[in-house]
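Visitor: Sequence and predicted structure are below.
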Amino acid sequence: MAVTKIWPVKDSLARVVDYAQNPDKTIYSDLQQVLHYAVNEEKTVEGEERTMFVTGVNCNRDTAFQEMQVVKERFGKTGGNVAYHAYQSFKPGEVTPELCHQLGVELAKRMWGDEYQVLVATHFNTGTYHNHFVVNSVGLWDGRKFNCGKRAYYQFRQLSDDLCREYQLSTIKNPKRKTPRSIYFAEKNGEPTKYNLMREALDAALKVSVDGNDLRKALREQGYELDANPARKYATLRRIGSKKAVRLYRLGEEYDLPALRERIEENRQRYAYDLGYQRYKPVPVQCPQPKRLRLKGFFSTVKKVGGFRGLYLHYCYCLGILPKGSKRRPLSPELREECRRLDSISRQAQLICREKLDTAEDITDFISGKQAEIKELGDARRKFYNRLRRCDDGVEVAQIKAQRDRLTAAMAVCRKDIKAAEGVLSRSDRLKENLKLEKKMQALRMGRTQDKYQRRSVARWPR
């Protein structure tokens, strides 16, 4: 299984390259920097051994930069994208260093042939064997620049997969798309995201399922619908209140449909001779611990309020933020994911409760007032900047700077209030939709609880 990627290397004319004369204080150009990274011996340390696998295709490995620069100057194309950097990474334990480098050189020859100069370097500093490719952007014979579009990317990936099949290595059947930056860092920090919650729901449902019907019931109790229709190409998982589904393979190989069937079959074999095993058990909902929100007054004495204040107070109650000491946990996946955004929700709730903003007109007036206040503070701060230009006394300069900094801090507070107020206007509709979904989940959960008590009461009465 090989993962591939290509991206351009752009040079900066403002840089001064003095590598030959003073290597200790070198300012690399982009091309020199990527070449230096590729042949860096520290990247090829495996245990106590130091091994180098570097090969030049249509160039010499030791003079690759000089040769690439000569080609650029010959055709007068020294600017723009000076090179392209690509990599090919293999699954841990699937290839040896020698085979990894052999595949990299073969891939470079198939992709760029004898038209472009390529430096191939094999690294294994990250625990996975991978190849780096530094490709000169200018053609060796005709001076044409390499067109690195989507077509080139897919061609590079296809050639890599073909090589893996020839050497009986695994390939990725369903390549994943790029994970959004916000979701990537949220999952890295352990925060609840749409995909994390789906994985947790599947894990909880698989613990109590011995067939597909059990799995669907367990997922539905957690707010998800599983669609494993064989007429469809991919099995999907969807929130009950959402129209957009997620393909199972995007959650990971262990959550794809074949893997789910294997885990269900293991459950069936494990509980085949367990007479006390129930065919279906309710799934306990795993909810993250929400942060607490502090507001003036007591939640128990709050009268019935409407508008944005009532909406946010009810929303915070459903999230389990209010009142103090609440043990309530949200049931719907939408509200469980909202625990990742508690900081902004708390800031907005505090603002509308402090300023008593109940309608959209109130918020609009509040934003206009804050913008006018920022303008006044900016005019006052500009006067201090003018005084600084004409002042030479050190003590007076320090006082002026302190006054200027206080105005800057006051402007920052106003900007935060404006951002929170604008967030109330943009978030209110989604809050209402999430509350509707939470009510549906509560009704579903209460219906199941009532059915359980009815079954118990019927069992007590003799026939």
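Guide: Here it is on my side, so go on. Residues are numbered from 1 along each chain as shown.
Visitor: For Asp203, see how far away Leu335 is.
Guide: 20 Å (C-beta to C-beta, to the nearest Å). From N, CA and C alone the C-beta is placed, and that goes for glycine too.
Visitor: Please apply the same query to Arg309.
Guide: In terms of C-beta to C-beta, Arg309 sits 39 Å off from Asp203.
Visitor: For Leu335 and Asp203, work out which one has more neighbours and name it.
Guide: Leu335 (23 against 13; other C-beta atoms under 10 Å).
Visitor: check contacts around the more buried one.
Guide: Counting by C-beta atoms under 8 Å, 6 or more residues apart in numbering, Leu335 makes contact with 318-319, 434, 437-438.
Visitor: Can you report phi and psi for Leu425?
Guide: Backbone torsions of Leu425, given as degrees, to the nearest 10, read phi -70, psi -40.
Visitor: Can you report how many residues lie near Gln105?
Guide: To be clear, residue 105 is Val; Gln isn't right here. By other C-beta under 10 Å, neighbour count at Val105 equals 18.
Visitor: go on, the one 3 residues further on?
Guide: Ala108 is surrounded by 25 other residues when neighbours are defined as other C-beta under 10 Å.
Visitor: Look up how far Val118 lies from it.
Guide: On the measure of C-beta to C-beta, Ala108 and Val118 end up 5 Å apart.
Visitor: Likewise for Val424?
Guide: Distance from Val424 to Val118, by C-beta to C-beta: 55 Å.
Visitor: Specify which residue of the two has the higher count of neighbours.
Guide: Val118 (27 against 23).
Visitor: Tell me who's in contact with that one.
Guide: Contacts of Val118 by C-beta under 8 Å, 6+ apart are 56-59, 108, 112, 133-136.
Visitor: If you average the pLDDT over the host helix or strand of Ala398, what comes out?
Guide: Assigned by DSSP states H and E, Ala398 falls within helix 394-460. Averaging pLDDT along helix 394-460 yields 80.
Visitor: tell me what it is packed against?
Guide: Where contact means 3 or more C-beta pairs under 8 Å, 6 or more residues apart in numbering; DSSP states H and E, helix 394-460 is packed against helix 212-221, helix 307-319, helix 333-338, helix 342-355, helix 360-390.
Visitor: Spatially nearest residue to Gln403, not counting backbone neighbours?
Guide: Counting by C-beta to C-beta, 6 or more residues apart in numbering, Gln403 lies nearest to Phe384, which is 5.7 Å off, once chain neighbours are set aside.
Visitor: what sits against the one you found?
Guide: Phe384 touches 400-401, 403-404, 407, counting by C-beta under 8 Å, 6+ apart.
Visitor: Filter these down to the buried ones.
Guide: For those, a burial check counting by 16 or more other C-beta atoms under 10 Å picks out 400, 404, 407.
Visitor: Would you mind measuring from Asp393 to Arg382?
Guide: The value you get for Asp393 to Arg382, if C-beta to C-beta is used, is 20 Å.
Visitor: can you map out the strands along the stretch 201-350 of the chain?
Guide: If DSSP state E, counting those that start in this stretch is used as the criterion, the strands of the stretch 201-350 of the chain fall at 224-227, 236-239, 245-247.
Visitor: Give me whichever of these is most buried.
Guide: strand 236-239 (a mean of 20; mean count of other C-beta atoms under 10 Å).
Visitor: For that one, which strands pair with it and how are they oriented?
Guide: Strand 236-239 has the following strand partners under DSSP bridges: strand 224-227 (antiparallel), strand 245-247 (antiparallel).
Visitor: can you redo these as CSV with mean pLDDT and distance to Gly325?
Guide: Compiled in CSV, those are given as follows (pLDDT from 0 to 100; distance: least, C-beta to C-beta, whole Å):
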stretch, mean pLDDT, distance to Gly325
strand 224-227, 90, 31
strand 245-247, 90, 36
